[in-house]
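>>> Test case, fold it:
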Amino acid sequence: MIHLIDTTLRDGEQAAGVVFSLQEKMRIAAMLDEAGVKELEIGTPAISPEEQADIKALIAQGFRFSATCWARATANDLEATLSTGARRINISFPVSAIQLASMGKNRLWVMQLLKDMVTKAKEQFEFVAVGAQDASRANADWLDDFILTAKELGADRIRLADTVGIMNPMWVQQFMQRYSQLCDTVPIEFHGHNDLGMATANTITALMSGAQSASVTINGLGERAGNAALEEVAAALHYSLNNNPGIILPKCVELSRYLEQVSGRTNAGSKPITGRQAYSHESGIHCKSLITNPLSYQAFHPHELGLQSEMVIGKHSGAAGLKDKLKHLGIQLSDGQTSTLLSSIKNRATQKKASLNNAEILELYQNLFSHTSN
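Take a look at the predicted model:
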């Protein structure tokens, strides 16, 4: 079964200017638990004693999900993680030439560090994941050696990260097919960033091409342009692949709204799955068909996510959509009257450069037809 790992409390909070209080972390964790997420990356203990205290508190809460901590490949980071009581760790190693050069290190240093850190971690933790940071820009043959060594050392999972979001689905497919064969019985996790807007597509492709798990964040919150979004990946798995990983989608909507509030990052109205205008329709052709069959211009019923579609009245509206709106407002007009009102609505919407709300529609209706009722 596909396994989604939420890293909102770790990679999500690394988004510039975002800080969660312990109370907010607790609520995010509780909501993710209720949504059916089976594993959370709950933080980076080495950040500070305060972070360690928060992680301890999260672990002590006794949530159903598995709690994993993220660490750099240093003895200090392992010690900081141990101090929290965490039994699961993801150790990240730089594997690309550009990252190694920036650190003044080389491949021999990485391989020795890999052996030292994983050997030590296997003695101290129940679950040790090895992260290949910037794997998408690593030399392929050398990455083979890194992964095979991690496998031989007993890594419980290997994370392949597209750290700067440069991959595309075709590339991901080839990449994952190669490394799923190489890893064999060791599960692969894909970690995608959204710098080119392809994190969700890349994550779905990875899961279709050999990865058993993927890390995601609520709303795609993360560094720079963010990560693959939990709600988008879960919905795509469910509706596009008929493979729901046990995620309760209406809970994802609640999570999305709450995270907007506590992160200070507001989603675009048209954001897939949870955007407030993601199920709004104005086009006359679309609205006419939607009245007959809600799936004519929607991939699924929004009410399955606890949401509702909305027919917006504006410049592009048609008579069928307007009649449906008027029906909900308790108004019935003849075809001629509807045509007259629709013309006025189009003119007003053009001047306003936006759709009209119910009050504006009623105002136009009263201006046009109130004298006929006297």
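
>>> C-alpha only now, for contacts and for neighbours.
Fine.

>>> the helices in the stretch 51-200 of the chain, which residues?
For the stretch 51-200 of the chain, the helices defined by DSSP state H, counting those that start in this stretch occupy 75-82, 97-103, 107-124, 140-152, 169-183, 199-208.

>>> how about the second one: buried residues?
Of the residues in helix 97-103, those buried by neighbour count under the rule 16 or more other Cα atoms under 10 Å are 97, 99-100.

>>> quick one: which of those residues is nearest Ala199?
Set against Ala199, the nearest of these by Cα to Cα is Gln99 (20.9 Å).

>>> Just list the residues touching that closest one, thanks.
For Gln99, the contact set (Cα atoms under 8 Å, 6 or more residues apart in numbering) comprises Asp134.

>>> is it true that Leu40 lies in a strand?
Yes. Counting by DSSP: H, G, I helix; E, B strand; the rest coil, Leu40 is found in a strand.

>>> what about the residue lying closest to it once chain neighbours are set aside, neighbour count?
For Leu40, ignoring the flanking residues on the chain, the nearest one in space by Cα to Cα, 6 or more residues apart in numbering is Asp6 at 4.8 Å. Asp6 has 24 neighbouring residues, counting by other Cα atoms under 10 Å.

>>> What score does Asp6 have for pLDDT?
Among the per-residue scores, Asp6 holds a pLDDT of 98.

>>> and what of Ala86?
pLDDT, Ala86: 98.

>>> my guess is the residue nearest to Leu40 contacts Val37, does it?
Yes. Using Cα atoms under 8 Å, Asp6 is in contact with Val37, at 7.2 Å.

>>> what does the domain assignment say about the protein?
3-263, 280-373 (automatic domain parsing).

>>> what bridges to the residue nearest the centre of the chain?
The geometric centre of the chain, computed from its C-alpha atoms, lies nearest to Ala229 (Cα atoms, centre = their mean), at 0.8 Å. Listed by DSSP bridges, the beta-bridge partners for Ala229 are Thr217.

>>> isn't Ser317 right up against His286?
No. Contact criterion Cα under 8 Å: Ser317 and His286 do not qualify, at 9.1 Å.

>>> burial measure for Asn293, as a count.
Neighbour count for Asn293, taken as other Cα under 10 Å: 11.

>>> Convert the C-alpha atoms of stretch 249-258 to CSV, please.
What follows is stretch 249-258, C-alpha atoms only, in CSV (Å, rounded to 0.1, in the frame of the first residue of the first chain):
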residue,chain,number,x,y,z
LEU,A,249,-10.1,13.8,2.1
PRO,A,250,-12.6,16.1,4.0
LYS,A,251,-10.1,16.2,6.8
CYS,A,252,-7.5,17.4,4.4
VAL,A,253,-9.7,20.4,3.6
GLU,A,254,-9.9,21.2,7.4
LEU,A,255,-6.2,20.9,7.6
SER,A,256,-5.7,23.2,4.6
ARG,A,257,-7.8,25.9,6.1
TYR,A,258,-6.2,25.6,9.5
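
>>> Mind checking the pLDDT average for that stretch?
Here the average pLDDT along stretch 249-258 is 97.

>>> Please renumber the chain so that the first residue is 49 from this point on.
Okay, residue one is now 49; in that scheme the one you just asked about reads as stretch 297-306.

>>> can you pull the buried residues of stretch 357-364?
357, 359-364.

>>> Correct me if wrong: His239 contacts Thr265.
No. Contact criterion Cα under 8 Å: His239 and Thr265 do not qualify, at 10.4 Å.

>>> Need the overlap of contacts for these two.
With Cα under 8 Å, 6+ apart as the test, His239 and Thr265 both reach Asn275.

>>> Quick check: Ala186 vs Phe223, distance?
For Ala186, the distance to Phe223 equals 11 Å [Cα to Cα, to the nearest Å].

>>> try Ala247
15 Å.

>>> Tell me which of these two has more neighbours.
Per other Cα under 10 Å, whichever of Ala247 and Phe223 has more neighbours is Ala247, with 28 against 19.
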